[in-house]
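Undergrad: Predicted model and sequence below, questions to follow.
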Amino acid sequence: MKSQTQIVRPYRRRAIACVLPAVLVAALCFADATSASPEAQKLNDLLARTTDQTSGFLDQFSDVKCTEQVRQEKLGKDDKVELEEDSAYDYLVILTNAGGELNISESRIPVREAKRDRKNTSMLLSNGFATLFLVFHPYYAEAFRFALSGEEVVGGRVLERISFEHVRGMKSPAALALHGREYPLELAGTAWIDPQTGAIAKIEVGIGETLADVGLKSLSSEVDFAPVQFPDSKQVYWFPTQARVEVETPRQRWRNLHQFTEYKKFSVSTEEQVIKR
């Protein structure tokens with residue numbers, strides 16, 4: 001799977017970009033079902049449902065568009081907001097399959113752009129966080145360790161929490177691109193999952209201080225999902241509704257809030273013809 005999605009990029013004074021690189025792992029390797037304890041078997045079953053759900057969700061997500069509203073905040077001492085900017089975009093995820101290789105990219109067309117600060121204060125550009133569910137995609141899941149973390153009632157629903165941690169040395173679904181190099185992000189976090197369907201209701205990730213040596217002190221994100229139903233279908237889809245991103249360097253800190261609303265279905269058809277000469 002190859003993705004051109006940029007995840008986070010502080011701009012002006014520092015240029016940092018995160019991309020989702022190609023991952024060639026297609027097989028899943030959970031606990032051995034023949035010798036697994038009841039808890040391990042429970043985890044295996046839930047992961048199987050979640051990876052199946054995630055595979056289908058990726059196809060569904062690429063068939064819709066929505067409005068993305070972004071608030072960018074530059075934070076000072078005691079979390080005081082020093083500067084904030086608001087913008088809006090027409091947002092969609094583009095999924096293509098060229099030459100047998102799956103490609104994911106984001107399209108963000110400005111609807112309302114933020115007015116630039118006259119003081120040229122550095123802000124944070126962040127995108128790609130709506131696709132953090134890819135941690136559970138079959139192409140990526142083998143690169144993580146998973147564990148059950150107990151149940152929690154959220155919005156009146158009992159959800160299973162699954163913690164995850166990237167296996168160092170294996171492919172990561174996200175990387176920091178800085179000065180022409182890519183640094184795999186050691187993602188770790190927790191996902192809240194419907195135990196019956198495997199649908200992800202919420203996911204939190206962070207990298208701690210694993211990239212402090214290149215100037216990134218910490219990165220964390222929370223993504224909320226909610227059911228969306230279209231008028232022409234009885235099926236309920238779980239799509240991202242909000243993503244919160246915080247990034248800190250030794251001298252600066254930012255917080256961005258992405259809100260995804262007004263989901264609509266769309267379809268695109270293409271046709272190729274070979275002209276004989």
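TA: Nice, I can see it.
Undergrad: I figured residue 242 hits residue 202, correct?
TA: No - counting by CB atoms under 8 Å, no contact exists between residue 242 and residue 202, whose distance comes to 9.7 Å. Every residue, glycine included, has its C-beta placed from N, CA and C.
Undergrad: how about low-confidence regions in the chain?
TA: Within the chain, the stretches falling below the threshold (pLDDT under 70) are 1-36, 96-103, 116-120, 177-179, 267-277.
Undergrad: From the centre of it outward, give me the first residue you hit.
TA: Centroid check for the chain by CA atoms, centre = their mean gives residue 132 as the closest residue, at 2.1 Å.
Undergrad: That residue and residue 114, how far apart?
TA: In this structure, residue 132 lies at 24 Å from residue 114, with CB to CB, to the nearest Å as the measure.
Undergrad: Given the longest strand that the chain contains, what are its sheet partners and their directions?
TA: Longest among the strand segments of the chain by residue count, using DSSP state E, is strand 81-98. Sheet neighbours of strand 81-98, with direction, are listed as strand 64-75 (antiparallel), strand 101-112 (antiparallel) (DSSP bridges).
Undergrad: So which of those strands is the most surrounded?
TA: Using mean count of other CB atoms under 10 Å, the stretch among the strands paired with strand 81-98 with the greatest mean number of neighbours is strand 64-75 (a mean of 19).
Undergrad: Let me see the residues that make contact with that strand.
TA: Outside of strand 64-75, the residues within contact range by CB atoms under 8 Å, 6 or more residues apart in numbering are 81-92, 108, 111, 114, 121-126, 237, 239, 252-266.
Undergrad: Please list only the buried members of these.
TA: When the contacts of strand 64-75 are checked for burial by 16 or more other CB atoms under 10 Å, the buried set is 85, 87-89, 91-92, 122-126, 237, 239, 252-260, 263.
Undergrad: Please enumerate the strands of the stretch 1-150 of the chain.
TA: 2-3, 8-10, 17-19, 64-75, 81-98, 101-112, 124-126, 144-154 (DSSP state E, counting those that start in this stretch).
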